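Colleague: I would like to see how this sequence folds:
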Amino acid sequence: MSGGFIKPQKQFEHQLVVFTFIGPVTQKQVDQWNDALAELKQMFGSSLTGITIKGDPTPTKFQRMAKKKKK
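Modeller: Sure, this is the predicted structure:
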């Protein structure tokens, strides 16, 4: 699913939505995210069965190095 859109669904169907954040996230963004999740939980009631968040640092060997500009 591209673009983060969900589709209508029937009873006993499910959809999985994954968000991936890269780089810094400010406290203001964290607060806005948490408020939005609380609203989603209220909006969807028992249809939203769970929200799982787990963050891991990217291993150094997989981090892209910033390209140095030649002067």
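
Colleague: which SS class is M43?
Modeller: helix (DSSP: H, G, I helix; E, B strand; the rest coil).

Colleague: okay, L48: pLDDT?
Modeller: Looking at L48, its pLDDT stands at 88.

Colleague: name the nearest residue to it, ignoring sequence neighbours.
Modeller: Distances taken as C-beta to C-beta, 6 or more residues apart in numbering place K41 nearest to L48, at 5.8 Å, with adjacent residues excluded. Every residue, glycine included, has its C-beta placed from N, CA and C.

Colleague: is Q29 in a helix, a strand, or coil?
Modeller: Q29 is classified as helix under three-state DSSP.

Colleague: quick revisit: the residue nearest to L48: neighbour count?
Modeller: 12 (other C-beta atoms under 10 Å).

Colleague: my read: it touches T49, true?
Modeller: No: because the distance of 10.4 Å does not satisfy C-beta atoms under 8 Å, K41 is recorded as not touching T49.
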